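1. Following is a predicted model, sequence given first.
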Amino acid sequence: MTPQTLVQSIPSPSSGVWEIGPFPLRAYALGIIIGALLAIWIGERRFQARGGKDGVISDVAIWAIPFGIVGARIYHVATDPQLYFGDGQSAVDALKIWQGGLGIWGAVAGGALGAYIAARRAGVSFAAVADAIAPGLLVAQAVGRLGNYFNQELFGRPTELPWALEIDPENRPAGFLEFATFHPTFLYELLWNLAAALLLVLIDRRVRLTGGRAFALYVMFYTAGRFWIEMLRIDTVNEIGPFRLNVWTSIVVFVLAAAFFWWSRRRGAPVDRSEPSTTPAD
């Protein structure tokens with residue numbers, strides 16, 4: 001690794017925690033909070049533009065966010081149990097969410113369950129809520145990836161590209177200690193998600209996507225990006241055959257979302273008018 005290469009690389013933060021008096025402020029948690037607030041703001045604006053009432057998305061978020069966090073942690077622990085159970089491990093660490101470890105698929109599933117409960121309680125269409133928040137979820141996930149940057153985690157294979165990410169020796173996995181710079185997969189996913197959010201909004205402006213189709217398109221866009229980004233990562237995870245578990249999950253979820261999108265079009269759901277908040281709950 002030459003000095004010139006290091007100058008061209010992206011430095012990693014020395015710490016992901018800031019001490020504010022007796023309280024630690026963690027970049028990981030801050031990213032999640034900021035992302036959630038942005039998703040709510042975007043969702044509110046889109047829901048109102050579609051004829052919905054002000055405050056519905058905020059009320060839904062009160063249910064969706066905690067359900068999503070719990071679901072994300074459950075998915076992470078369930079798919080990487082060796083990190084918390086067995087010889088030399090502490091099961092209590094499975095509860096330490098502030099140390100990192102959230103599975104996006106658990107977050108989506110848990111958040112969707114919480115949103116469904118909230119939509120039923122409010123008497124609004126769950127599909128209308130899902131379509132309204134879809135772009136905001138991509139923005140939230142983009143901001144949340146900054147937590148990986150501050151924690152120096154979930155990076156990709158070694159590289160000497162100008163945008164390579166510097167990783168401290170103590171954060172490099174076994175077998176990669178001699179390398180100093182790696183693919184910044186957090187940045188790849190951040191940019192992919194922001195581009196996907198913009199594309200989703202542009203498509204929705206041309207052809208109003210209703211009946212859950214905007215949400216299905218969000219899932220398709222995200223999984224398409226996650227597929228190739230996941231292939232770059234070198235963190236230790238469970239594998240099935242030639243692929244990492246999350247690669248298989250991306251494939252399966254993409255197919256399911258595409259099937260729903262195709263089925264909803266065949267069903268003849270409307271594509272050119274808003275779904276007001278008075279729509280009966282699905």
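-> Sure thing, it's come through.
2. What pLDDT is listed against residue 257?
-> Residue 257 carries a pLDDT score of 96 in this model.
3. my read: it touches residue 212, true?
-> No - Residue 257 is not in contact with residue 212 according to Cβ atoms under 8 Å; the separation is 9.7 Å. From N, CA and C alone the C-beta is placed, and that goes for glycine too.
4. can you map out the strands along the stretch 151-282 of the chain?
-> 165-166, 181-182, 239-240, 243-244 (DSSP state E, counting those that start in this stretch).
5. Which strands and helices lie in contact with the third one?
-> On a contact count with 3 or more Cβ pairs under 8 Å, 6 or more residues apart in numbering; DSSP states H and E, strand 239-240 meets no helix or strand.
6. Parallel or antiparallel, which strands does it pair with?
-> strand 243-244 (antiparallel) (DSSP bridges).
7. Quick one: low-confidence residue ranges for the stretch 101-250 of the chain.
-> For the stretch 101-250 of the chain, no stretch has pLDDT under 70.
8. Would you mind finding the most buried of the strands of the stretch 151-282 of the chain?
-> Most buried of these by mean neighbour count (mean count of other Cβ atoms under 10 Å) is strand 181-182; its value is a mean of 26.
9. What lies in contact with it?
-> By Cβ atoms under 8 Å, 6 or more residues apart in numbering, the residues outside strand 181-182 that reach it are 1, 5-6, 9, 155-160, 164-167, 176, 234.
10. can you tell me which of those residues lies nearest to residue 102?
-> Closest approach to residue 102 among the contacts of strand 181-182 (Cβ to Cβ): residue 155, at 16.6 Å.
11. Which strand residues bridge the closest residue in space to the closest one that isn't next to it in sequence?
-> The shortest distance from residue 155 to any non-neighbouring residue, by Cβ to Cβ, 6 or more residues apart in numbering, is to residue 182 (4.3 Å). Taking DSSP bridges as the rule, residue 182 bridges to residue 158, residue 165.
12. Next one: residue 182 relative to residue 83, how far apart?
-> Per Cβ to Cβ, to the nearest Å, residue 182 is found 21 Å from residue 83.
13. Verify the stated contact: residue 65 with residue 36.
-> Yes - proximity of residue 65 to residue 36 meets the contact threshold set by Cβ under 8 Å, at 5.7 Å.
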